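# Attaching a predicted model along with its sequence, questions to come.
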Amino acid sequence: MTGFVEKPQPVQVPGLVHLHTGKVRDLYEDAEGRLVMVASDRISAYDWVLPTEIPDKGRILTRLSLWWFDRIADIVPHHVLSSEVPEGAPAAWAGRVLVCRPLRMVPVECVARGYLAGSGLAEYAESGSVCGVDLPPGLADASALPAPVFTPATKAEVGEHDENVTYEEVVRRVGPLVAAELRRVTLKVYGRGRDIARKRGLILADTKFEFGYTGDAVGEGEMVLADEVLTPDSSRFWAIDDWLPGRPQPAFDKQYVRDWLTSGESGWDRHGDAPPPELPAEVVARTRAKYVEAYERLTGERWED
């Protein structure tokens with residue numbers, strides 16, 4: 001059993017209709033039919049949304065996504081119309097809101113990998129390939145790939161695993177023209193993000209994107225980049241100075257959370273049925289510091305609440 005330890009009740013705001021509560025974001029619709037995404041401070045690990053939040057996490061993800069959207073707008077349009085807080089919404093929503101145009105979402109997570117890690121590493125160890133893409137023999141954890149690869153996945157519900165799929169499966173689901181455009185844009189945006197991150201002393205190991213279309217069906221109208229982009233929640237960033245293939249790399253994400261949950265100190269069995277416990281204050285503080293550091297290193301701006 002996985003999912004929310006305790007699913008939050010949606011905030012009721014006049015003029016907004018609650019549509020969905022995700023792992024991190026709550027989704028509403030306003031009177032004009034626009035989508036209102038609100039980034040919480042929730043954090044997930046091992047298919048659970050944990051009972052402890054990471055202060056400022058939602059604001060960091062929102063501001064960093066806006067920063068990136070500006071830097072890739074010449075490659076693909078994005079879905080953000082405004083970041084203004086709707087009238088009548090709680091003050092706590094400040095800095096967390098993205099008002100977006102509604103899209104017909106592509107039912108595929110578009111993943112680009114430039115380095116071998118995570119589920120890609122596990123799949124490579126079994127088959128020598130990732131999502132049907134053959135890779136050279138002898139690669140290790142965190143090895144650089146000869147060239148970035150498109151390794152799509154299915155979009156899972158809360159509490160379930162994303163599942164890697166082949167490019168041929170994407171073609172089956174959305175057709176050859178849409179599949180080719182998804183791959184092209186995914187790799188191009190990854191390349192832009194990789195180059196910018198490298199100048200800041202960071203490796204963009206892999207990242208995932210979500211796309212939608214402005215028409216009535218996938219493939220109709222304009223393809224648009226949605227959700228978040230190139231954040232520590234959707235991407236794996238490593239410090240160039242610390243990079244050493246052959247071992248797991250220190251990452252700018254929820255690594256401290258995962259490490260503590262699987263340690264003897266937590267007392268939690270990730271393979272059992274019991275939900276994970278509350279996080280200790282030290283783990284919360286160190287995790288928040290990593291999100292802040294990622295924001296500051298990428299943008300060159302100081303994080304201020």
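Looks like it arrived, so ask away. Numbers count the residues shown, from 1 in each chain.
# Give the buried residues for the top helix by length along the chain.
Longest helix in the chain, counting residues (DSSP state H): helix 176-199. Of all the residues in helix 176-199, those buried under the rule 16 or more other CB atoms under 10 Å are 178-179, 181-183, 185-187, 189-190, 192-194, 196-197. Backbone N, C-alpha and C define where each C-beta goes, glycine included.
# low pLDDT regions in the stretch 51-200 of the chain?
156-161 (pLDDT under 70).
# pLDDT on stretch 209-220, on average?
For stretch 209-220, mean pLDDT rounds to 97.
# Now the phi/psi pair for the closest residue to Ser40 other than its chain neighbours, please.
Distance criterion CB to CB, 6 or more residues apart in numbering; nearest residue to Ser40, sequence neighbours excluded, is Gly58 at 5.0 Å. Per-residue torsions, Gly58: phi -60, psi -40 (degrees, to the nearest 10).
# still on that earlier bit, tell me how far the longest helix of the chain is from the chain's mean position?
Relative to its parent chain, helix 176-199 has a centroid offset of 15 Å by CA atoms, centre = their mean, to the nearest Å.
# Does anything pack onto the strand or helix carrying Tyr295? Which helices or strands?
Applying DSSP states H and E as the criterion places Tyr295 in helix 281-299. If contacts are counted by 3 or more CB pairs under 8 Å, 6 or more residues apart in numbering; DSSP states H and E, helix 281-299 sits against helix 57-72, strand 202-213, helix 255-261.
# Could you list the buried residues of it?
Buried, per 16+ other CB under 10 Å, within helix 281-299: 283-284, 286-288, 290-292, 294-295, 297-299.
# of these, closest to Ala94?
Ala94 lies nearest to Tyr295 out of these, by CB to CB, at 16.8 Å.
# Trp303 is in contact with that closest one, correct?
Yes: the pair Tyr295 and Trp303 passes the contact test of CB atoms under 8 Å, sitting 5.2 Å apart.
# Please enumerate the shared neighbours of the two.
Counting by CB atoms under 8 Å, 6 or more residues apart in numbering, the residues touching both Tyr295 and Trp303 are Ile60.
# about what we covered before: any chance of JSON lines for the buried residues of helix 281-299, columns distance to Val76 and pLDDT?
What follows is the buried residues of helix 281-299, written out as JSON lines (distance: CB to CB, whole Å; pLDDT from 0 to 100):
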{"residue": "Val283", "distance to Val76": "36", "pLDDT": "97"}
{"residue": "Val284", "distance to Val76": "35", "pLDDT": "97"}
{"residue": "Arg286", "distance to Val76": "34", "pLDDT": "96"}
{"residue": "Thr287", "distance to Val76": "30", "pLDDT": "96"}
{"residue": "Arg288", "distance to Val76": "31", "pLDDT": "97"}
{"residue": "Lys290", "distance to Val76": "28", "pLDDT": "96"}
{"residue": "Tyr291", "distance to Val76": "25", "pLDDT": "97"}
{"residue": "Val292", "distance to Val76": "28", "pLDDT": "97"}
{"residue": "Ala294", "distance to Val76": "22", "pLDDT": "97"}
{"residue": "Tyr295", "distance to Val76": "22", "pLDDT": "98"}
{"residue": "Arg297", "distance to Val76": "24", "pLDDT": "97"}
{"residue": "Leu298", "distance to Val76": "19", "pLDDT": "98"}
{"residue": "Thr299", "distance to Val76": "20", "pLDDT": "97"}
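# Let's see stretch 221-228 as PDB, backbone CA atoms only.
C-alpha atoms of stretch 221-228 as PDB (Å, rounded to 0.1, in the frame of the first residue of the first chain):
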ATOM      1  CA  GLY A 221      -2.900  22.600 -32.300                       C
ATOM      2  CA  GLU A 222       0.400  23.700 -30.800                       C
ATOM      3  CA  MET A 223       2.600  21.600 -28.600                       C
ATOM      4  CA  VAL A 224       3.200  23.200 -25.300                       C
ATOM      5  CA  LEU A 225       5.500  22.500 -22.300                       C
ATOM      6  CA  ALA A 226       3.500  22.000 -19.100                       C
ATOM      7  CA  ASP A 227       3.900  21.400 -15.400                       C
ATOM      8  CA  GLU A 228       7.400  22.200 -14.000                       C
END
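# residues making contact with it?
Residues contacting stretch 221-228 (CB under 8 Å, 6+ apart): 25, 37, 39, 61, 65, 69, 72, 76-79, 100-101, 103-105, 178, 181-182, 185, 189, 209-215, 234.
# Can you point out the buried residues in it?
Buried residues in stretch 221-228 (16+ other CB under 10 Å): 223-228.
# wait, doesn't Glu84 sit right on Val97?
Yes: Glu84 is in contact with Val97 according to CB under 8 Å; the separation is 7.0 Å.
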